[in-house]
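> here is a sequence with its predicted model. Questions after.
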Amino acid sequence: MEYTAAQFVERLEALRPPGATRPDDYRGVGMGQIFSLARDCKDMAPAEIERLLESPTHAVRVGAVSIMDFQARDRKTSPERKRELFKLYLRRHDRIDTWDLVDRSAIWVVGEYLVDKPRDVLYELAASDRPMERRTAILATFAFIRRDQLDDAYRIAELLVDDPEDTVHKAVGWMLREAGKRDAERQAAFLEAHAATMPRVMLRYAIEKLDKPTRDRWLAMKRG
């Protein structure tokens, strides 16, 4: 069944606990419940997904990006539909404006779509004045990292290593950590160049899975 945006919202509203009076009050509704509903509605047309993205209610937009993610992951989804989802994501990034919305969808909707395509758009996003667009740029590279393609991750990390936003720091550190699992020497070379000056939270995320003596060495460079 191909659900409409209105049907999704109706089912989501049914999950709200008794006593919720405001239309945007979804306290008590777990993310797992929203994800499950999104999975049920994963064949929703992009035009209907866009209607969900236009909602002022965060829970509804969580549903929208979750539907996009499930469609992008599905091997049965056509290349044409994946292209539509990619374009929708970029065109309505103004509505994908919190870190959790980006994290729920950027890797599969953007990154996986670009695996066999030019990746110039990620560098445009990395240069954006919107922090969540910069977060998308670095998180999308996870799709490449999983294939041992590390160049874009490091190039974009280099562009964002002095970013002013904490949400971007964490995303860059996360991707540096994942890239380090694939090539520890290359991660070490990046840290040698930047550990002393990069934001502390970025460094901590990047070295989180290393052994304690190695973590302590990088942190000592930061203190120095």
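That came in fine, so what should we check first? Residues are numbered from 1 along each chain as shown.

> in three-state terms, how would the nearest residue to Gln187 once chain neighbours are set aside be classified?
Once flanking residues are discounted, Gln187 sits nearest to Gly180: 3.3 Å by CB to CB, 6 or more residues apart in numbering. Placement of C-beta: from N, CA and C, glycine included. Per DSSP: H, G, I helix; E, B strand; the rest coil, the local secondary structure of Gly180 is helix.

> so Gly180 sits against Glu208, correct?
No - with contact defined as CB atoms under 8 Å, Gly180 does not reach Glu208; the gap is 9.8 Å.

> between the two, which one's more packed in?
Taking other CB atoms under 10 Å, Gly180 and Glu208 do not tie; Gly180 has more neighbours (22 against 13).

> residue contacts, the more buried one?
With contacts defined as CB atoms under 8 Å, 6 or more residues apart in numbering, Gly180 is in contact with Arg186, Gln187, Ala188, Ala206, Lys209, Leu210.

> if you rank these by neighbours, which is first?
Most surrounded of these: other CB under 10 Å gives Ala206, at 28 neighbours.

> next secondary structure element downstream of the host helix or strand of that residue?
Ala206 belongs to helix 200-207 when elements are defined using DSSP states H and E. Next along the chain after helix 200-207, taking DSSP H and E as the criterion, comes helix 212-223.

> pLDDT at the residue lying closest to Tyr89 once chain neighbours are set aside, what is it?
Of all residues not flanking Tyr89 in the chain, Val109 sits nearest, at 4.9 Å (CB to CB, 6+ apart). Here, the pLDDT recorded for Val109 equals 98.

> and Met1, by the same measure?
Value for Met1, per-residue pLDDT: 74.

> right, and it touches Asp43 too?
Yes - with contacts counted by CB under 8 Å, Met1 reaches Asp43, the gap being 7.4 Å.

> give me the secondary structure label for Tyr113.
Going by three-state DSSP: Tyr113 is coil.

> pretty sure it is touching Arg83, no?
Yes - with contact defined as CB under 8 Å, Tyr113 reaches Arg83; the gap is 7.1 Å.

> neighbour count for the two, which is higher?
Neighbour count, other CB under 10 Å: between Tyr113 and Arg83, Tyr113 has more, with 20 against 12.

> for that one, phi and psi?
The phi and psi values for Tyr113, taken as degrees, to the nearest 10, are phi -60, psi -30.

> show me the domain layout of the protein.
1-86, 114-224 (automatic domain parsing).

> how far off centre is the shortest one?
Distance of domain 1-86 from the chain centroid (CA atoms, centre = their mean, to the nearest Å) equals 16 Å.

> okay, how far is it across that domain, tip to tip?
23 Å (CA to CA, to the nearest Å).

> so how far is Ile107 from the residue nearest to Gln187?
18 Å (CB to CB, to the nearest Å).

> buried residues in stretch 77-93?
For stretch 77-93, the neighbour count (16 or more other CB atoms under 10 Å) marks Thr77, Arg81, Lys82, Glu84, Leu85, Phe86, Leu88, Tyr89, Leu90, Arg92, His93 as buried.

> shouldn't the fifth one be in contact with Asp74?
No - between Leu85 and Asp74 no contact is recorded; they are 10.7 Å apart, counting by CB under 8 Å.

> can you pull out the helices in the chain?
Taking DSSP state H as the test, the helices found in the chain are 5-14, 31-40, 46-53, 58-73, 79-91, 99-105, 120-126, 131-139, 142-145, 151-160, 166-182, 184-194, 200-207, 212-223.
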